[in-house]
Structures are given as structure tokens and as C-alpha cells.
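J.: need a structure here:
(chains A, B, C, D and E)
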Amino acid sequence: MWNSLSIVLIMIGMVFFIAGTLGLLRFPDVYTRLHALTKADNVGLGFLVAGLMLQADSLTTALLLLLIWVLVMLAGAGAGQLVAQAALQRQHPVAKSQDDGRGHD
Amino acid sequence: MIEASGTPLPWIVWVILLPLIGAMLCFLWPRQGKTLGLLTALATLLAVIALYFQLLDGGVIRYAVGGWGAPLGIALYADGLSMLMLLMSALVGVGVSLYALGYFKHSPDNPAGFWPLWLLMWTGLNGLFVAGDIFNLYVTLELLGLSAVALVALAASRDALGGAMRYLFVSLLGSLCYLIGVALLYHAYGTVDIALLGTLVERNPATHVALGLMVVAMLLKSALFPLHFWLPPAHASAPAPVSALLSALVVKASFYLLLRLWFDVFSTVSMDLGMVLGVLGAAAIVWGSVLALRQTRLKLLVAYSTVAQLGYLFLPFALLSPLAWQGGVYFVLSHALAKAAMFMAAGNILAFGGHDRIADLDRVAQRLPITMTAFCLAGVSLMGLPPSGGFIAKWLLLDAALSHDQWGWAVMMMIGGLLAAAYVFKVVGFAFTQADAPHDAQPVSPFMEWSALALAVCAILLGLNAHYPLELLAIGGPVTFVSPSP
Amino acid sequence: MSTPLLYALAGVGLCLLGLYGLIVYAHLLRKILALNIMGSGVFLILVALARRSGDSPDPVPHAMVITGIVVAVSATALALVLLVRFSAATGRNQLDDDEHSP
Amino acid sequence: MDSFFITVACLLLLTLMAGLWRVLRGPTAVDRMMAAQLFGTTAVAILLLLAEALGQPAMRNVALVFALLAVVTVMAFVHRAWPGDEPRHQQRGRHDDVE
Amino acid sequence: MGAAMTEAGLFLLDLLLVLTLLCLAWWSLAATDLFKGIVLFIAFGLVLALAWVRLDAPDVALAEAAIGAGLTGALLLTTLSKLASSIDNPPAKRSSPVLLWVLLVMLAAVLGYAIMSLPQQAQGLADTVASQMGNSGVEHPVTAVLLNFRGYDTLLEMAVLLLALIAAWSLAPRAATSCEMDEALTVSPIVLALFRMLIPLMILVAAYLLWVGAHAPGGAFQAGSVLAAAGVLALLCGKRLEGRLAGWPLRLGLVLGTAMFVAVAAAVMVGGAHLLQYPLASAGKLILLIEAAATFSIGLTLAMLFSGQRPSRGPAS
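T.: Numbers count the residues shown, from 1 in each chain, chains lettered A, B, ... in the order given. Model (predicted):
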């Protein structure tokens, strides 16, 4: 019973990871890609951790898993905010991506 | 053989710990760097001398760090060969320390890092000379290599930074090659203890590959032709005391390590490589000397002379007689003293005139007589004229070559000697004459002049007391060092 | 192919890639990366082969690799400082390819 | 159950490899950095799965360290290595003159 | 059947990991853009940590994770930003002569052959270590090797780290103008507060890794690296070392690890024991003492190496 539940949860997490990667690959500009990324970070890992917590043999393990998820979420949120803000400040174009600036300046 | 226990002071430990402690103190109190550095240098010299007497009394020393013993723990090991290297480092080290007292007073180079870096380098040197464990050797090798790079970069000129960068890459590449060898040996025999490996090693692919990689690593680090490309820029652009240390000691450390591996680890495996090393050595003698002769800058000339002189060290690998090995080790000692003195003298000339263009040396001989005497005495040893240490070394090598009718090697050595004479006299000639553009003279500290002279005199004295080093070498030396080879 | 062997051979591959990069690329930062990759390859060989002892791997190579990583980090840090200094002094990020100075 | 975890770990590794395309392709530095960030999360997920499958609790500590330190690289990126950062180049030049 | 599936899955995982590693290494070296190369190198570190885990080397994995995620990336990116020009596109190459390729292929063949010729099973020192664990003062084999059986290596390794710092300081220009990173960028206070919150957590995790090292994977270097990451983050968040601490207190902190190691190693010799021969009764405590000092110094040293310049004490440094 618990096993099948955790299988389902992990599968859902997996789907989010795949979706996040697809978003990273397919979305047109920095901001939308950032959006896709945070999905994978927060939701995907969340389901995965939930699935694994059902398998955990002790409370400490479960809490450690939870802590890891929270940390990844914090880092993802902070980093996303930071990158988006910095990108806006430097006027990275929305929607249509520019060519790689590094090679030519 | 004695198991050195705690009761007589274990000097083998203190020759490593003293410079390390000194380095930390110099880092903590940079303003007292000179005093602390000099005190540490003297203390280390005393510890080395104490270890020397311990060795004379009790023979070869094996010390199990942590009391574990091989294969679990790390062993320290000192025999006559290690002792000679320790004594050589201590002698050159004290000389250079005295020299540095004067040098960094007026030089534009950054003095703050010199003392801790040099003492850490000394830690690495002594640690390497008494290590009995191939992984521990890797760590000492890195300590040595990184400190040498940092010392070169103290000069902060464009040349020095470039030279240091190249030196760093070579040094790290060599260490990694060596480490692959360590990995193969450990996984083949389950130990990294040199003595144990010596009994276990047999002919198999892993051993041969390890041998090949470790030999190449050491050739790279000791700059044997054609892997010498990194040495002249690094040695010539470093501050003078550093050049002296690098040419006198650091390249010798990797040569020593090669000897250790060759005789103590791989002794049962094929010695076919020996002839190759000998030929490369001979090529180095000619190539290095010719390039030295063509240099227009004094420090570069001295650096290329190091490339040439290192070639002699590899001749015994081809000559394969105990006499030749004695000659090789003797060469290490005499070259260390002579080359340190010569670089220090070159440093004096550079500090004196503000440049080291050989053609523009302006009556240096008259105005810096002590320095010029040091330079000439060192030159005598490099050329191999009696009664210098270099003469004894070459005599032993020649004797070894001629007694086996190997005339080719003897001719190479003669040519090398003549070329050495040519480049030394080139400098001496310009030193006596007046240059087209006479230059102002900066005062040179007496510490710098007298320490250079002292080391040069030591190089000569080495020729007058040849039997002491050779007797010391016999203590626990590899079989081929003392008895005729089959 | 057994796991230790697979990873050890991958280690060999990394060593050679690193060596190639070190020799071929001129930019000093690339050379530093190459040395690090080569180092990782050596460490991989050491640790992979330690797993041949069955259930509990041999801890000695693990300790050696940790020592090696510390040394590698120190060397990398030194190399990077040197690189920054070199770059500031010369305005270039590569060494002159001819080996004899003046 | 273990084989399920391992299969998922393999799949995650595949998504990581797919994400590499974004690093290679860019086009901007931000894209590359973000893809690397996603790798970090994927690596954490793989570690947690393997910890369960192989019964190695120490791997969770590795995952913890990854999760905890992920911000450092991003922060360094945003502060120091943003490409095309013109003011910084001018400033550096001035600093060199001082030396 | 489950076991066979697991085996097959693990083999697939191994193959994928190895493949990814090699690709990342290659792309990171050959990247047209150095920034891309660095990002790929960071990813390489991540995947390498997974490889360590697969090889049952959690200690190494922890070290790789701590150093790779916390320091290497930050250090490389900072260096890139300080270079005269960060453009190397296309990468300047020396032509690779046939000789080089011959050399590489030969080396690959020879090394591969040597490795494959090694016995499939080998104990190494695993049994010897296991039999002496009772005398080591700790319960985790890797810590026992690092701090006791081969403690002398670790002592010298601390010296190497100290050396790197001294070298970096002797090379770094004096901190004349504080050319720091905060110009032209305002980070929102919330993010800053969030990140600052993470710093104490990192210190806590470092302490945990230090403590757990006595009986499980962890230890001084891993803990020190996490501590260093906390320091790097603090530096990036704009925290600076107070002026009065920048002189000898800082230096003392930097040498503390090495000094404590030397002191303990030498002090145990007083009773006639060998260097680093801890008395069995107090071995565990002495090891923890050394590790605690080492963790502190490693963290401080790595953070200082990142900062790239010696902190100034005021006008007369």
C-alpha cells in the first residue's frame, strides 16, 4: 500500500522533472525558462521527497529529507529572484532571446 | 639498523617539524620574519647535524610515525644518501638565508612571503629526503613544488609571473603522473611503503607502467633534456636567493626521488631505461652548454648551465657501476654548492649594476672582488678543475667510463667541461673590462657577498675531503653504490 | 565489465582528456581546468580500484584521495591567483609559445 | 522497489543530460547558469533515490550539502561574473593603474 | 529477479554516469566560451560526486560536493571576471601534431592494459585497517586512516593549504582600493536576508559533519569546506572582516589547524612515544581536537583564498 503510494508520488515528481527540463529546453526567454526551472525544483523534488519519506525507516531520516527539500526550495526561490532581478536590471530581452553577447564584445 | 624509539631525541622528526614551526611563526609575526627565519635555519642545521651523528652511531634509521609501521602507517627512513641530501640542503639553506637578509633589504621584490614560503619549502625538502612511503612522497613533492612556484612569483615581473605559471603547470603535471604510478603500485601490491614494495615488486604490466610514468614525472621535474623547457625562464626570473634554492636543491629533490624509486622500489624490474636516461643526459650536457654560451643575460646563462649540469647526473644510469653512482651523487653535492654560489653572485652583480647583460658588465671584477671570487670559484667547480668538488665528481664518472672502455661517455664529459669553461670565461672576461655604457653602482650588502663566497669555498672544500661524503654514502646505500656490479 | 573496472577506465579517459587539454589549449584558465580534470581522473582510478575488495571498500585510497583533493584545491587556488596577477601584468591570458625569452 | 528507484535515477540522469543542451546552446549566460542550477536539484534527487535503493544513509548528507551550498555559486555568478558588465572592467583598469 | 533487475539498472546507471562525465569533461575543455566551460566544469563536479557515491566512497563524495558546490565554482567565476579579457573564441589552440595523438593513444592503451591486468579481487589494506580500528580512537575507517594511521600525510596536507594561502597573499596586491563586487547591483533585501539566514545553518551543518566524522562519513575537510562556503556567502552578501580582527587574530586563525596538529603530534612524544602516537585512552579526544582546529582553519583559509586579497587593517597593513 505505502509502496504503491510512494511509487505514484515519485512518478509524479519525475513528470515534473521532465517537464522542467522540457521547459528549460523549449521556452523562448530567460524568464519563462526560470519559471520552468522553479517548477522542477519545488514541486518535482517535493513529490519525490514525499514518496521517499514514506519509505523512511526513522523520523530523523524523514526530517532530513524534508530539510533538504526546504533548502532546495529556498535556494531555488532566492536564486530565481536574484537572477530575474539581475537580468531585468541588465535589460535582458523578454520573449525573443538575443544572440550570445559574450562572443562579440 | 636501529628502530629509533623515543628515548634518544628522534631528530628525523625534528628536521621536518622545525622548519614547519618556523614557517608558522614567520607567518604569525611577519615583522620578525628575518630573525625568526634565521633562527629556524640555524636550528634546522643543528637538527640535521644531530641526525648525522645519530646515523653515524647507529646506522640506517627507520622511524614508524604513529607507531603503526608499514604497511598501515607511514615510515620515515634515513640512510647515507638521505643524510647527504639533508646536509646539502642545510648548508645551502643557511647560506641562502644569510644572503636573503641582505637581498630583500634593497630589492623591489616582495619580501613578506619569502621567509614562510622558504621554510615551508625546506619542510618539503627534508620531508622528501626522509620519506619512506611513496604516497607521503607525493605530498612532500606538492609542498615542494607549490612553494617553489610561489617563491618564483615573488619577483612579480612579467617574466617571473610567466615563468612561475609554466613551472606550476609542469610541476602539477609531474605530480599527477607520479600519482598515477602510486595508484597502480598500491592497487597491485596493497602497500605504499618503499621497503615493502621493494620486496614485492615483480615484472608485470602495472609495475612497468608505474615505472614509466614515475620516471617521466621525475625527469620532467628535474628538467632533463628535452623536458627542460620550463627551467630557464623560472630559474632566471626568480629573485636571486630563490634561483639559488631552485637550481641547487629543488631539481635535486626530484633526482633523489628518482634514485630512491630506481633502487629501492624497482630494483628487480628491468633497467633497460638506464641507457635512454644516459643518452638524454649526454644530450642535455651539450645542448644546455651551447645554449648557455649563446645567452646574453647572466642569470639565463647560469640557468642554462643548470640544464647542462643536470645532464651529468643521469650518466650513471647508463654507466651502471658503483663508481659512477658515487660520482653522480658527488655531482649533486658539488653542483648544489657551486650553483647556489653562482646564482648568488649573479644576484649581486644584478643588484650592483641594475642589469645582468653580460656584455655590459662594467669592471665588476674590480669593484665587487668578493663576488667575482665567488663566481670564479663556483666556475672552477662547474668546469671540473681540481681541487674542486666538481673535479672529484667528474673524475669518478670518467674513471667509471674508462674502466669499462666506454669512451663515448668520457668524450661527452670532456666536451661538457670545455663548454663550461667557455661560458664561465665569457662572463669573467666581460667582468674585467670597461663597458661602453658605464653604469652607476648600487651598494651590495656584505651578507650577500660573503655568503656567496662561503658557499663557493664549500664547493672547493668538497674536493679536498672526498672520503667523508663517500663513506657516508656507503651507510645503508643501495648495493650498487658500494659493491661492484655484476 | 565490473563496476570498478568501468570507472577506472573512465578515470584513464579523464586523465587523457586533461592531458590533451593541458597541452593543446593556450588559455591559462583552460589549462587549469584541464589539470583539475586530469586530477579527477587519477582520483577516480584510485577510488574505483579500491572497490575490488568486496562489500566494504578499502578506506586507504579514500583517505589518499581526500588528501589529494585538498592538495588539488590548494594548487588550483594558487594557480588562479597567479593567473589573475599574470593577466593584470601582461594583459594577456596565455604564455608566449616560444620558450626562450629575450 | 529498489529497482524502481534505480530506474527513476537513470531517467533523472537522462533529463540531466538533456538539460546539458541548454548549457551548450545558451544563448545567454543566465540560461547556462540556470541549467546548472537544475542539475544541482537533479543531483540531489538522484542522491536521495540512491540512498534509499543502496541503503547508504551517508548519501543524504551529500544531498544536504548540495542543497545547502547551491546558492553560493549563483550568488558568485550574479555578483562577480555577469558577462558584459562594463562598469566592472573600467574599475578593474583603474585598479591596475594604482598598482 | 529483483536483484537481477537492480544489477542491470545499476549497470545502466554506471554507464550513463561515466558517459556524462566524459562528455562534460570534454565539453568543458573545448567550450568556445570560457564561461560555458566553467559552468560545465561545475556540472562535472556534480556528476563526479554521484560517481563517488556509486563507488561507495561517501567521504570523497562529501568532500567533492562541499568543495565543488561551495568554492570551486565561485572561485573560477571570480577569476574569470578579473581577467584582462574573458574572450577566447574560438579557443586558441596549438596545432595537435600526429605525435601528440600517437602519444595519447599509446598512453591510453598502456594505462588501460595495466589496469585491466590487475587482479579482479584485491583486499588492499581493508583488512589491516579493520583489525586495527579498535586502537584508532574513532569508529570510521576513513577518519582513522586520515587522522591516525596516516595522520602525518594529513599534517603535511594542512601545511600545503597554509602554503597556498601565504602564496596567494604574497601575490595579491595590497588592498588599496576596495575593488569589491557590489557596484551597480542592488539585491533585494529579502533575498539578502534569506541568504544570510543560510549562513548559520551552514555553520551548523559544518559542526555536524565534524562531529559525525568520528563514526560515519564526514570529517575535518568536509566540514571545513562547508564552513568556507558560509564564509564565501558572507563575503558575497557584503560582510567584511572587522578591522581589528584582520591582523594577527586572523593569522592565528589561519595557522591554528596546522599548529594544533603539530602541537599534538609533538606533545605525545613526551612520554617516549613516536610522533602522532596518541595514547589509546585519549586518542578519540585528541583527534577531535585536531579536527576541530583543522575545520576552523580550513574554512577560514578557503574563504580567504576566495576573497583574493589580504584584508587590510587600515592604512599601514
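J.: which residues in chain D form helices?
T.: Counting by DSSP state H, chain D has these helices, from start to end: D:2-25, D:29-54, D:58-80, D:86-98.
J.: the strand or helix carrying C:Ser87 near chain B anywhere?
T.: Applying DSSP states H and E as the criterion places C:Ser87 in helix C:59-90. Yes: Helix C:59-90 lies within reach of chain B by CB under 8 Å from any CB of the partner chain, at C:60-61, C:64, C:67-68, C:71, C:74-75, C:78-79, C:82-83, C:85-86, C:89-90. No exception for glycine: its C-beta is placed from N, CA and C like everyone else's.
J.: what's the mean pLDDT across that helix?
T.: When pLDDT is averaged along helix C:59-90, the result is 94.
J.: residue in the stretch 201-350 of chain B with the shortest distance to chain E?
T.: As assessed by CB to the nearest CB, chain E sits closest to B:Val209 within the stretch 201-350 of chain B, at 3.9 Å.
J.: repeat for chain B
T.: When distances are taken as CB to the nearest CB, chain B approaches chain E most closely through B:Gly113, which lies 2.7 Å from it.
J.: surely that residue and E:Ala168 touch.
T.: No: here B:Gly113 does not reach E:Ala168: they are 9.5 Å apart, not a contact under CB atoms under 8 Å.
J.: the two: who's more crowded?
T.: Ranked by neighbour count (other CB atoms under 10 Å in any protein chain shown), B:Gly113 and E:Ala168 place E:Ala168 first, with 27 against 24.
J.: name the element that one belongs to?
T.: Counting by DSSP H and E, the element that carries E:Ala168 is helix E:151-171.
J.: which helices and strands does that helix pack with?
T.: helix B:11-28, helix B:114-130, helix B:134-153, helix C:59-90, helix E:248-267, helix E:283-307 (3 or more CB pairs under 8 Å, 6 or more residues apart in numbering or on different chains; DSSP states H and E).
J.: the helix or strand following the third one: which residues count as buried?
T.: If I follow you right, that is helix B:134-153. The helix or strand immediately downstream of helix B:134-153 is helix B:158-189, counting by DSSP H and E. When neighbours are counted by 16 or more other CB atoms under 10 Å in any protein chain shown, the buried residues of helix B:158-189 are found to be B:159-189.
J.: got the angle between the helix holding E:Ala168 and helix E:248-267?
T.: The directions of helix E:151-171 and helix E:248-267 differ by 160 degrees, with axes from the mean of the first three to the mean of the last three CA atoms, to 10 degrees as the criterion.
J.: off-centre distance for the following helix or strand past helix E:151-171?
T.: The element immediately downstream of helix E:151-171 (helix or strand, assigned by DSSP H and E) is helix E:189-212. Here helix E:189-212 shows a centroid-to-chain-centroid distance of 18 Å under the convention CA atoms, centre = their mean, to the nearest Å.
J.: thinking again about what came up before, from the buried residues of helix B:158-189, which are also near chain E?
T.: Restricting the buried residues of helix B:158-189 to those touching chain E (CB under 8 Å from any CB) yields B:Ile180, B:Leu184, B:Tyr186, B:His187, B:Ala188.
J.: show me where chain E dips below the pLDDT cut-off.
T.: Judged by pLDDT under 70, chain E has its weakly predicted residues at E:1, E:84-90, E:96, E:173-187, E:312-317.
J.: from D:Pro27, how far out is the residue of chain B closest to chain E?
T.: From B:Gly113 across to D:Pro27, the span is 43 Å (CB to CB, to the nearest Å).
J.: how about E:Ala43?
T.: Going from E:Ala43 to D:Pro27 by CB to CB gives 18 Å.
J.: who has more neighbours out of the two?
T.: Each of E:Ala43 and D:Pro27 has its neighbours counted (other CB under 10 Å); E:Ala43 has more, 28 against 16.
J.: circling back to that earlier point, identify the nearest residue to the residue of chain B closest to chain E in space, disregarding sequence-adjacent positions?
T.: With CB to CB, 6 or more residues apart in numbering or on different chains as the criterion, B:Gly113 has its nearest non-adjacent residue at 2.7 Å, and that residue is E:Ser170.
J.: what's near enough to touch that neighbour?
T.: Under the criterion of CB atoms under 8 Å, 6 or more residues apart in numbering or on different chains, the neighbours of E:Ser170 are B:Asn110, B:Ala112, B:Gly113, B:Phe114, B:Leu117, B:Ala150, B:Ala153, B:Leu154.
J.: enumerate every residue touching the last one.
T.: The one in question is B:Leu154. Contacts of B:Leu154 were listed using CB under 8 Å, 6+ apart, and they are B:Asp109, B:Asn110, B:Pro111, B:Gly113, B:Phe114, B:Leu117, B:Ala160, B:Ala238, B:Pro239, B:Val242, E:Ser170.
J.: and for the fifth one?
T.: Residues counted as contacts of B:Leu117 (CB under 8 Å, 6+ apart) are B:Ala23, B:Ser147, B:Ala150, B:Leu151, B:Leu154, E:Leu163, E:Ile166, E:Ala167, E:Ser170.
J.: what distance do you get for the last one to B:Gly102?
T.: Look at E:Ser170 and B:Gly102: by CB to CB, they are 20 Å apart.
J.: ok, the third one next?
T.: With distances taken as CB to CB, B:Ala150 is found 22 Å from B:Gly102.
J.: more neighbours: which of the two?
T.: With neighbours defined as other CB under 10 Å, B:Ala150 and B:Gly102 compare such that B:Ala150 has more, 30 against 22.
J.: check which helix or strand covers the nearest residue to B:Ala183 once chain neighbours are set aside.
T.: Computed as CB to CB, 6+ apart, the closest residue to B:Ala183 that is not its neighbour in sequence is C:Leu46, at 4.5 Å. Using DSSP H and E, C:Leu46 falls within helix C:28-49.
J.: again, but for B:Tyr63
T.: Going by DSSP H and E, B:Tyr63 is in strand B:61-65.
J.: packing partners for that strand?
T.: Under the contact rule (3+ CB pairs under 8 Å, 6+ apart), strand B:61-65 is packed against strand B:2-3, helix B:11-28, helix B:33-58, strand B:74-78.
J.: chain center to it: distance?
T.: On the basis of CA atoms, centre = their mean, strand B:61-65 sits 24 Å off its chain's mean C-alpha point.
J.: for chain D, what helix or strand is lowest in average pLDDT?
T.: Taking mean pLDDT, DSSP states H and E as the measure, the helices and strands of chain D show their lowest mean at helix D:86-98, namely a mean of 33.
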